[in-house]
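> Build me a structure from this.
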Amino acid sequence: MLISVVMAVYNEENYVAEAITSILNQTYKNLEFIIVNDGSTDNTTSILEQFQDSRINIINLSKNSGVAKARNIGVENATGDWIAVQDADDVSLPNRLEECVRFIKEHPNISAVSSLIECIPGASPISEEKIQFEEEIYNRFNTSEKVKKALYYGCPICHGSVIFSKAIFNKVGGYNAKYKIGHDYDLWIQMSKILPIEKLPKKLYQFRFNEHSVSRSDVKATCNEVILISTINICRSLKLELGYSPTILVFGTEKAYKNFKKRIKSKVPKKICSFKHIIHDKFSDVREAYSLFNKKKIDGLIILDHDKAYEAKSYFKSNGMKSNRNFFVIWNITQ
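The predicted structure is shown next:
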């Protein structure tokens, strides 16, 4: 089985050599390595040119096009049926590809497989507590069932740890470049609708923690994009299941709902779904929300996570509603 490793790189002179070496030293040798140099302006280009290995195919873009587009170009030029992601500042452990290929051969009816991660520091000092916390964010989702349950809440998968089916990637349209932060998150949701995403309960990938990355330096922007991606995919999922444009009740604090409206305005067409809302201040609001669902005045609920969300989830479950089927909890930091 030929594995195509795809890496997009932009100005990663400090780490890209280590990332490349970790792929070339894999115990699994039947691979090609597509490296898309996304208009780097530091020493990245000269570092790439130092690697003389017939398995490497370097694509130099004249200007920076953005990571999603660069990754799409990489996959487009890949000849393997399965694509292994490698981020330019991370490290694949030597047996990563071998372990994943074995799993894919034993479980062919999947769209992707990821692994647990080990978190490693970047240039800035980082405490052991932060290292452990970052690992826990991804590693607590250590089975396909846990990944499935968490998928509409926020991204439970470390991007660089994934190997995915190129056929399914193409079927869903690849990375959506309109998302600057969560294009991988959107991709996993789309692919999981076709075949499941599995997770190997082994640490096969070293993820480099960078406090200055876009997703960490602007948590609010990251959360807002997650809200948009989750909402669009929830609406599409319900519409596909029901056969018509659903009406969805949005449930949370007043401040969170105002932020929600701002994020989805003009970006979620009415032909996909329409929204109602209830501000959750007291338990009677929970009963009212369920009553609307029970009377078929709404088709589903989105809960913007907040300090009273647990009571709502428990009540809905106790009355026969199903998580990620007719009610969905989305990551939310606006309280």
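> Which parts of this structure are helices?
Assigned by DSSP state H, the chain shows helices spanning 16-24, 44-49, 67-76, 96-106, 128-139, 144-150, 166-172, 183-192, 214-217, 219-242, 254-264, 283-294, 309-318.
> tell me which strands and helices the second one is in contact with?
Under the contact criterion of 3 or more CB pairs under 8 Å, 6 or more residues apart in numbering; DSSP states H and E, the helices and strands touching helix 44-49 comprise helix 16-24, strand 31-38, strand 56-61. The way it works is simple: take the backbone N, C-alpha and C, and place the C-beta from them, glycine included.
> Can you give me the buried ones in that helix?
Thr44, Ile47, Leu48 (16 or more other CB atoms under 10 Å).
> Would you mind putting the CA coordinates of that helix into CSV?
Extracted in CSV, the C-alpha atoms of helix 44-49 (Å, rounded to 0.1, in the frame of the first residue of the first chain):
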residue,chain,number,x,y,z
THR,A,44,12.5,27.0,4.7
THR,A,45,13.2,26.8,1.0
SER,A,46,16.9,26.2,1.3
ILE,A,47,16.3,23.6,4.1
LEU,A,48,13.9,21.7,1.8
GLU,A,49,16.5,21.7,-1.0
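> Looks like Pro328 contacts Ile303 (just checking).
For the record, residue 328 is Phe, not Pro. Yes: counting by CB atoms under 8 Å, Phe328 touches Ile303, with 6.9 Å between them.
> Between these two, which has more neighbouring residues?
Just comparing Phe328 and Ile303: by other CB atoms under 10 Å the higher neighbour count belongs to Ile303, 26 against 21.
> Now do the same contact list for Leu151.
Counting by CB atoms under 8 Å, 6 or more residues apart in numbering, Leu151 makes contact with Trp188, Ile189, Ser192, Asn324.
> Separate out the buried members of those.
Buried, going by 16+ other CB under 10 Å: Trp188, Ile189, Ser192, out of those.
> Present the residues you listed as JSON lines; the columns should include pLDDT and distance to Ser62.
As requested, the buried ones among the contacts of Leu151 are arranged in JSON lines below (pLDDT from 0 to 100; distance: CB to CB, whole Å):
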{"residue": "Trp188", "pLDDT": "98", "distance to Ser62": "30"}
{"residue": "Ile189", "pLDDT": "97", "distance to Ser62": "32"}
{"residue": "Ser192", "pLDDT": "96", "distance to Ser62": "35"}
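> could you dump these to a markdown table with distance to Leu242?
Listed next are the buried ones among the contacts of Leu151 as a markdown table, based on distance: CB to CB, whole Å:
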| residue | distance to Leu242 |
| --- | --- |
| Trp188 | 23 |
| Ile189 | 18 |
| Ser192 | 19 |
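> mind listing what's buried in the longest strand anywhere in the chain?
In the chain, assigned by DSSP state E, the strand with the most residues is strand 197-209. Within strand 197-209, the residues that count as buried by 16+ other CB under 10 Å are Ile197, Glu198, Lys199, Leu200, Lys203, Leu204, Tyr205, Gln206, Phe207, Arg208, Phe209.
> These: which two are farthest apart?
Glu198 and Phe209 (24.8 Å; CB to CB).
> I'd like the distance between Pro303 and Ser230.
Not quite, residue 303 is Ile, not Pro. Distance, Ile303 to Ser230, by CB to CB, to the nearest Å: 11 Å.
> what residues are shared contacts of those two?
With CB under 8 Å, 6+ apart as the test, Ile303 and Ser230 both reach Phe328, Ile330.
> Now do Ile59 against Phe103, distance only.
Distance of Ile59 to Phe103, computed by CB to CB: 29 Å.
> Over to Ser111?
13 Å.
> Looking at those two, which is more packed in?
The residue with more neighbours, out of Ser111 and Phe103, is Ser111; 23 against 17, by other CB under 10 Å.
> my read: that one touches Ile168, true?
Yes: if you go by CB under 8 Å, Ser111 and Ile168 touch, sitting 4.6 Å apart.
> anything in contact with each of the two?
Shared contacts of Ser111 and Ile168, counting by CB under 8 Å, 6+ apart, come down to Met191, Ile194, Leu195.
> isn't the last one right up against Pro108?
This points to Leu195. No: assessed by CB under 8 Å, Leu195 is found out of contact with Pro108, at 9.4 Å.
> Give me the more crowded residue out of the two.
In this view Leu195 and Pro108 are compared by other CB under 10 Å, and Leu195 has more residues nearby, 15 against 8.
> residues in contact with that one?
Asn109, Ile110, Ser111, Ser165, Ile168.
> of these, buried ones?
Buried members of the contacts of Leu195, counted by 16+ other CB under 10 Å: Ile110, Ser111, Ser165, Ile168.
> Now intersect those residues with the strands, please.
Among these, the ones falling in strands (DSSP E) are Ser165.
> I'd like the helices and strands packed on helix 44-49 as JSON lines, with mean pLDDT, mean neighbour count and distance to Gly173 appended.
What follows is those, written out as JSON lines (pLDDT from 0 to 100; neighbours: other CB atoms under 10 Å; distance: least, CB to CB, whole Å):
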{"stretch": "helix 16-24", "mean pLDDT": "98", "mean neighbour count": "19", "distance to Gly173": "26"}
{"stretch": "strand 31-38", "mean pLDDT": "98", "mean neighbour count": "24", "distance to Gly173": "18"}
{"stretch": "strand 56-61", "mean pLDDT": "98", "mean neighbour count": "15", "distance to Gly173": "20"}
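> Good, wrapping up.
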